[in-house]
Each structure stands twice: as C-alpha cells, then as structure tokens.
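Colleague: Have a look at this prediction, sequence included:
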Amino acid sequence: MSKNKLLLVIIAVALSAAAIAACSQSDQTPVATPESSYPTKELSEDARECVTCHATETHGIVEDWSRSAHAKVGVSCLDCHKVDANSPMAVKRAVRGHEDLTVTISVLVSPQRCGECHQKELAEFDASGHYRAALQVEDKASMQTLIHHHEGRDYDDISGVSEETGCAQCHGIRVQVDENGEPDPHTWPAAGIGNIYPDGSVGNCTVCHTRHRFDIAEARHPESCGTCHLGPDHPDIEIYENSKHGQIYAAEGEAWSWNNPPNEWEPGDYRAPTCATCHMSGIGNLQVTHNISQRLHWNLWAKRSAPRNSDDPMSALTGHAEEGRAEMEQVCTQCHSAPHTEGFFASGDDAVRLYNEAYYDPAKKMLDDLQAAGLLKDNPWEDEFQKLYYHLWHHEGRRARQGALMGGPDWAHWHGFFILQQDLYRMQDIYDYRMEHHEIEQP
C-alpha cells in the first residue's frame, strides 16, 4: 500500500472513532435546550420549573408546547395538569422527579379542563355522536362478549386485551386510577375519542389536536380522521382517497393554506374539501362546529339506515335530517352548482334505499324466520348465516352506503353492492336448506 493510501486509511479510522465517541457521549448526556429559548417569561415560577425540567426529561413535549398557540398566550403545563388535592384524578404520592413540587398534579387531562377555556367546543362535542363512542361499547353486552369471550377466550386477567389495544384506541374507555391517583395501565393510555374520565367528563380533544401542540392544521388534514375511520367496516379515509376530492388533495394538498383561524378557512385556501371542511369547518354562512353529527341526514352505519331525528347524543339517530342536509348542501354549493349538488344527493339517497329495502329487509326477515324456528346456532360466530348477516350490514352494507354518499365509486360498487348480492344469495341458500330440512346443516 502506498504512503498516501495508508494516510487516508488512518484519517478515516480516526474520524470514525471520533464520530462513535461523539454519539456515545450524546447518548449518555442529553443536551437540553436552554430554558431561555422557550416562551416562559409570563409563566409562574412553578410553571417555569416544569419547562426547565421537561426540556431535558421529555424534550419533545416542551418543543411541541413551545410551538403551540397555548405557549403564545402563556398557557403552561400547570394550567392543564394542576388539580385540586381532592380531585379524583390527583396523584396522591410523590411522582418520580416531582418530589419537591408544591402543587398537586394529574397525569390525566380531561375535556372538562379543556372546556374551561373552550366552552363552545365542549358543548358541541357533548351533543355529537363522538360523545357515545366508549359509552356504547361499555354498555353493549354483545360487544363485551365478543371482546372477552370470543376474542379474549376468557383468558385470566388479559381477556380484554383486544379492547385495550384496539377498540379503546378509537372508541375510548373508562379510564381508571389506582389508590395513588395514577392511571391503570389496562385503561391508559387510551387514545379514543370517547374516553370517560374519573371526573365524569367524556371525550378526548387530543385525538384530533394531538399533544402538546394542539395544532388546528393537523386536525384539518384527512389523516387526522383516518386513524379510526378506516378499514373493512367504515373505510372513510379510503373512500376519500378514492374520491376526486381525495385525488386533488393528494396531488396538491401540500401547497394549501392550513393555518387560517376558525371561520376564516374557505375555498381558495384549499381546492377540495377534507373531512373537517364538510363536517366541521366554518364555510360560507356556516359556523365552525365540533358536533360532527350536525350536518348529517342519514345514519349510514346502522343495520338499517334512517333519517336522523334526535337530540340525544346516545341515540344512533342523533341529529336532524333535513337541517343537516341543508347545511351539508351549503358546504357543497361553495364549490358546486345547485343542480350538481342535488343530483349527487339524489343518487346517494337512492343507494341507501336500495340497501335498506332490497338487501337488509330480506336478510332481516330470513334471520327472524330462522330465529322463530330455532334454526340458529347459539354462538353467532359459529353460524354461517349469522356471520353473513353481520357482514351484510356491518361491512358491505356500510361500504355501499358510505361510498355512495362520500363519492367513492369503487367502495359503493365493488366493495359494496357487488359483495352484498353474493351475501344475499348465499344467505338465501342457507335459509332454504334449514327451513326445508328443519335442521342446521353441518359445517
């Protein structure tokens, strides 16, 4: 090897050793951003202490907070996490690293705390279908049986794992705390929209406005909703992506204006709507709403769709059909002509009627007949007819209806009505056999 090549090898080895040493040193000693770089001037001494410590311990939290609207107006960690000593969520022993803290804190921040400043938003949420998300799972015996018996196999103390890792992360769960006020790991962290907190409040603002930046732009992107509104039973994000609205967003959404204040985000800032535009945003004469049921006509997820007609957020029909359709048409006509909008909804309504009358009603009649004749298995998940019935309304039927009314043609047809007709033919064969032979066929 020449002297020049040997020298290059020695230099390369030395640089690599220096880089490894630097990385090792970085791993051992995190470099904290100085407190002076954060907007702490208006904060109390205790609040500044939070920022100083967490800038090292949980650096990402402080970075997010420092870029938030909260930081700009002097809302600190303690404004959200400080609680009365008698609060059901109060931590009742010294938390690691907080032994010298002079205030009582809670790990949990419930919507009741958010509502102290955001009263209108909380009231609208409490009137919406999101409110019942966890409550309905908790109260539905068939759902609890599915979770703990069929999925959890009645397995010791972990039969609820499918709920903890699945259902609760979208629907929410009743958050429990131990005798020290610290969250039970079987119920927290739960990212669901309908969390039920020890203080009695329901909801989870951070599903859409994630901690600790709480960014309005993030909530306006369709991906914010797509965490939960996806999959075989309600593929709303996939339907959106299949629609022309979603295609335009995918092509040019990065260039749109996302940070305008509420009621000042209008066509021109974007060229196609997102989920938030249609269901929540101030547009035209409409005001921003956190009641996601307000602009809806139909219930598109029920076994059989019906127009909405209830003020009860626990009702599957919460909302008011005619008022909801009128508001949604106002959204559409900000970009489309009235005939275009009317024609779209006329086709969508016909799709709902076709599902209701030509698919669900015959399927339900066959189910009732078999039930009356004692020709259904006790375990619905072992019964081919009952499984087909479930998929007909819960999967294919939802896809057909939601695809039709959200502009997703592939989901309305190939994932919807095309499979619905196959379900119904197979159900008819099973029904005919059982009613003729008066027995449940063997698997």
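Modeller: Sure, I can see it.

Colleague: Neighbours of the closest residue to residue 173 other than its chain neighbours, how many?
Modeller: The shortest distance from residue 173 to any non-neighbouring residue, by Cβ to Cβ, 6 or more residues apart in numbering, is to residue 190 (4.7 Å). Just so you know, the C-beta spots here come from the backbone N, C-alpha and C atoms, and that holds for glycine as well. Using other Cβ atoms under 10 Å, residue 190 has 24 other residues around it.

Colleague: Make sure residue 190 is actually in contact with residue 170.
Modeller: No - the pair residue 190 / residue 170 is not scored as a contact, 9.5 Å apart, by Cβ atoms under 8 Å.

Colleague: buried set for stretch 101-119?
Modeller: Judged by neighbour count using 16 or more other Cβ atoms under 10 Å, the buried positions of stretch 101-119 are 101, 104, 105, 106, 107, 108, 109, 110, 111, 113, 114, 115.

Colleague: now, which of those residues sits nearest residue 413?
Modeller: residue 111 (39.7 Å; Cβ to Cβ).

Colleague: mind checking how far the closest one is from residue 210?
Modeller: 15 Å (Cβ to Cβ, to the nearest Å).

Colleague: if we can go back for a sec, tell me which of the buried residues of stretch 101-119 fall in strands.
Modeller: Per DSSP state E, strands hold no members of the buried residues of stretch 101-119.

Colleague: What is the burial count for the closest residue to residue 401 other than its chain neighbours?
Modeller: Leaving aside its chain neighbours, residue 401 sits nearest to residue 300 (4.5 Å; criterion: Cβ to Cβ, 6+ apart). Residue 300 has 23 neighbouring residues, counting by other Cβ under 10 Å.

Colleague: Now do the buried residues in the one helix or strand residue 224 maps to.
Modeller: Assessed by DSSP states H and E, residue 224 sits inside helix 222-226. The neighbour-count check on helix 222-226 (16+ other Cβ under 10 Å) flags 222, 224, 225, 226 as buried.

Colleague: Equivalent analysis for stretch 152-172, please.
Modeller: 152, 159, 160, 162, 163, 164, 167, 168, 169, 170, 171, 172.

Colleague: how close does the first one sit to residue 185?
Modeller: Spatial separation of residue 152 from residue 185 under the definition Cβ to Cβ is 17 Å.

Colleague: what does the fourth one give?
Modeller: With the distance defined as Cβ to Cβ, residue 162 ends up 16 Å from residue 185.

Colleague: re the thing from before, wait, what's in contact with the residue nearest to residue 401?
Modeller: 352, 398, 401, 402, 405 (Cβ atoms under 8 Å, 6 or more residues apart in numbering).

Colleague: Tell me the one of those nearest residue 386?
Modeller: residue 398 (17.4 Å).

Colleague: that's a strand at the closest one, yeah?
Modeller: No - going by DSSP: H, G, I helix; E, B strand; the rest coil, the assignment for residue 398 is helix, not a strand.

Colleague: Distance check, it against residue 359.
Modeller: Computed as Cβ to Cβ, the residue 398 to residue 359 distance reads 12 Å.

Colleague: ditto for residue 380
Modeller: In terms of Cβ to Cβ, residue 380 sits 19 Å off from residue 359.

Colleague: For the nearest residue in space to residue 229 that is not next to it in sequence, what are phi and psi?
Modeller: Leaving aside its sequence neighbours, residue 229 sits nearest to residue 236 (Cβ to Cβ, 6+ apart; 3.7 Å). Main-chain torsions, residue 236, degrees, to the nearest 10: phi -60, psi -40.

Colleague: lowest average confidence, helix or strand, in this structure?
Modeller: Every helix and strand in the chain was compared by mean pLDDT, DSSP states H and E; the lowest is helix 3-28, with a mean of 42.

Colleague: to the chain's geometric centre, what's the distance from stretch 334-347?
Modeller: 29 Å (Cα atoms, centre = their mean, to the nearest Å).

Colleague: cool, stretch 38-56 as well?
Modeller: Counting by Cα atoms, centre = their mean, stretch 38-56 comes out at 32 Å from the chain centroid.

Colleague: Mind listing what's buried along that stretch?
Modeller: So, applying 16+ other Cβ under 10 Å, buried residues of stretch 38-56: 38-40, 43, 47-55.

Colleague: Dump it to CSV, restricted to CA.
Modeller: Coordinates of each C-alpha in stretch 38-56 appear next as CSV, following Å, rounded to 0.1, in the frame of the first residue of the first chain:
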residue,chain,number,x,y,z
TYR,A,38,-38.8,28.9,25.4
PRO,A,39,-41.6,31.4,25.9
THR,A,40,-41.6,31.3,29.7
LYS,A,41,-41.5,35.0,30.6
GLU,A,42,-45.2,35.2,31.5
LEU,A,43,-45.2,31.9,33.4
SER,A,44,-45.3,31.3,37.2
GLU,A,45,-42.1,30.1,38.9
ASP,A,46,-43.7,26.6,39.3
ALA,A,47,-44.6,26.6,35.6
ARG,A,48,-41.1,27.6,34.5
GLU,A,49,-39.8,24.8,36.6
CYS,A,50,-41.9,22.4,34.6
VAL,A,51,-40.5,23.7,31.4
THR,A,52,-36.9,23.6,32.6
CYS,A,53,-37.1,20.0,33.8
HIS,A,54,-39.1,18.6,31.0
ALA,A,55,-36.8,20.3,28.4
THR,A,56,-34.3,17.6,29.5
